[in-house]
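Peer 1: Take this sequence and fold it.
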Amino acid sequence: MYVPKYFKVTNVDEIWDFVQKNSFGTIVTTEQGKPIATHLPLKLMKEGDSYYMTGHMAYGNPQWRTFETCEDVLVMFQGPHAYISSSWYEEENVPTWNYQAVHVYGTASILHEEELKEDLTMLLQKYEKHRKNPVLWDKLSPQLLEKQLKGIVGFKIKVQEIQAANKLSQNRNEEDYQNIVNKLYEEKDMNSQQMAQLMERKLKKGK
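Peer 2: Next up, the predicted model:
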């Protein structure tokens with residue numbers, strides 16, 4: 001991913017915090033030279049000094065069969081994004097787009113059944129434990145679990161390289177930056193609202 005120096009993020013803790021909050025990612029591999037992708041939730045974990053991402057996909061999805069033949073697996077995560085009109089600048093310029101994105105490269109392997117069960121248990125804990133009637137692994141019937149396990153394939157991706165971009169108008173002066181935030185708040189779409197909130201928080205921290 002091309003990342004100009006103004007927008008490059010190198011703080012690992014900041015990057016992983018972003019991934020945790022935007023964990024619905026896109027996995028990209030190749031099959032006979034053709035890129036294929038799957039969109040799905042992923043879980044970040046650390047073992048020793050290494051980071052891993054785990055998840056699962058349908059057994060009928062042919063992409064998991066490419067994991068052993070692909071040297072590199074690309075996982076993409078995206079945050080809010082918004083159109084930035086150059087009419088919001090003090091001086092003449094062209095419009096642009098603000099966004100947050102993280103690209104992770106690694107090698108993938110298939111989880112054994114017990115590893116998959118453990119991963120699914122933790123996944124349900126993450127998304128269900130705070131609910132009034134949580135759907136947790138140990139509350140589901142063995143018959144249902146056995147049936148569902150036959151229909152999915154679990155995987156683990158060992159992280160080898162991270163590229164992260166926060167394009168949030170850091171290259172604009174203070175007046176332009178504040179005006180962009182104000183104008184984004186006037187937009188009605190959710191992404192513009194989220195971008196305004198994000199830029200405002202960055203401003204308070206000194207961009």
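Peer 1: Helix or strand with the lowest mean pLDDT in this protein?
Peer 2: Taking mean pLDDT, DSSP states H and E as the measure, the helices and strands of the chain show their lowest mean at strand 43-47, namely a mean of 90.
Peer 1: May I have it as CSV, with CA atoms only?
Peer 2: Output of strand 43-47 as CSV, limited to C-alpha atoms (Å, rounded to 0.1, in the frame of the first residue of the first chain):
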residue,chain,number,x,y,z
LYS,A,43,-9.5,-12.0,15.9
LEU,A,44,-6.1,-10.7,16.9
MET,A,45,-3.9,-12.7,19.3
LYS,A,46,-0.3,-12.7,20.5
GLU,A,47,1.9,-15.7,21.1
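Peer 1: And the next helix or strand past it?
Peer 2: Per DSSP states H and E, the first helix or strand lying C-terminal to strand 43-47 is strand 50-58.
Peer 1: what is the orientation angle of that next one with strand 43-47?
Peer 2: Angle between the axes of strand 50-58 and strand 43-47 is 140 degrees (criterion: axes from the mean of the first three to the mean of the last three Cα atoms, to 10 degrees).
Peer 1: Flag every buried residue along whatever helix or strand comes next after strand 50-58.
Peer 2: As assigned by DSSP H and E, the chain's next helix or strand after strand 50-58 is strand 73-84. Neighbour counts over strand 73-84 (16 or more other Cβ atoms under 10 Å) mark V73, L74, V75, M76, F77, G79, P80, A82, I84 as buried. In short, each C-beta sits where N, CA and C put it, glycine included.
Peer 1: And the helices in this structure?
Peer 2: Listed in chain order, the helices of the chain (DSSP state H) span 12-21, 113-128, 142-149, 174-186, 190-204.
Peer 1: To P41, which of the ones you listed lies closest?
Peer 2: Ranking the helices of the chain by their distance to P41 (criterion: Cβ to Cβ) puts helix 113-128 first, at 7.4 Å.
Peer 1: okay, that closest one in PDB with CA atoms only?
Peer 2: Provided in PDB are the C-alpha atoms of helix 113-128 (Å, rounded to 0.1, in the frame of the first residue of the first chain):
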ATOM      1  CA  GLU A 113     -10.500 -29.000  15.300                       C
ATOM      2  CA  GLU A 114      -9.600 -28.300  18.900                       C
ATOM      3  CA  GLU A 115      -7.900 -25.100  18.000                       C
ATOM      4  CA  LEU A 116     -11.000 -24.100  16.000                       C
ATOM      5  CA  LYS A 117     -13.300 -24.900  18.900                       C
ATOM      6  CA  GLU A 118     -11.200 -22.700  21.200                       C
ATOM      7  CA  ASP A 119     -11.200 -19.900  18.700                       C
ATOM      8  CA  LEU A 120     -15.000 -20.000  18.200                       C
ATOM      9  CA  THR A 121     -15.500 -20.100  22.000                       C
ATOM     10  CA  MET A 122     -13.400 -16.900  22.400                       C
ATOM     11  CA  LEU A 123     -15.200 -15.300  19.400                       C
ATOM     12  CA  LEU A 124     -18.600 -15.900  21.000                       C
ATOM     13  CA  GLN A 125     -17.300 -14.600  24.300                       C
ATOM     14  CA  LYS A 126     -16.200 -11.400  22.600                       C
ATOM     15  CA  TYR A 127     -19.500 -10.600  20.900                       C
ATOM     16  CA  GLU A 128     -22.100 -12.300  23.200                       C
END
